[in-house]
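Visitor: Based on what follows, work out the 3D shape:
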Amino acid sequence: QLQLVESGGGLVQPGGSLRLSCAASGFTLSNYAIGWFRQAPGKEREGVSCINTRGTNTNYVDSVKGRFTISRDDAKNTVYLQMNSLKPEDTGIYYCAARTPTRFGYCVYYGMDYWGLGTLVTVSS
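Guide: Reported below is the predicted structural model:
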């Protein structure tokens, strides 16, 4: 069974940090580009960060640049999202998703093949 499982969410105070993990089972994550998405209450889901198969291309939405870092450990079949200096507006359900590589090798936020069920991140004092 092909699965993506997110973990690492929780309640954190503003300014705190969390590291989210996206673990794959049933397929080799190194063959896929990965995206992290989030959905805040009452808002549409948005792409937060993505990484290509080789880890040579990453992208971040403007609101998280300089605070979030995406990385991958193919030996562990896992992709991470390190989130620092968290703000209340970072609150939401975070999902990871995988897709086959794009033609030019850049990571994108569309055409995802597999999705996880999400992990909740709450930033509040």
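Visitor: Please enumerate the strands of this structure.
Guide: 3-7, 10-12, 18-25, 33-39, 46-51, 58-60, 68-73, 78-83, 92-99, 114-115, 119-123 (DSSP state E).
Visitor: Show the contacting residues for the spatially most central residue of the chain.
Guide: Centroid-nearest residue in the chain: residue 36, 2.5 Å away (criterion: C-alpha atoms, centre = their mean). Neighbouring residues of residue 36 by C-beta atoms under 8 Å, 6 or more residues apart in numbering: 20, 22, 47-50, 70, 79, 81, 94-97. Heads up, the C-betas are built off the backbone N, CA and C, glycines and all.
Visitor: With neighbour count added, can I get those in CSV?
Guide: Shown next, in CSV, are the contacts of residue 36 (neighbours: other C-beta atoms under 10 Å):
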residue, neighbour count
20, 24
22, 27
47, 18
48, 25
49, 26
50, 25
70, 24
79, 29
81, 25
94, 24
95, 22
96, 32
97, 22
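Visitor: As CSV, the residues you listed with distance to residue 62 would be great.
Guide: CSV is the format used below for the contacts of residue 36 (distance: C-beta to C-beta, whole Å):
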residue, distance to residue 62
20, 19
22, 22
47, 11
48, 11
49, 11
50, 14
70, 15
79, 21
81, 16
94, 17
95, 19
96, 20
97, 20
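Visitor: Name the nearest of those residues relative to residue 64.
Guide: The shortest approach to residue 64 among these belongs to residue 48, at 5.9 Å (C-beta to C-beta).
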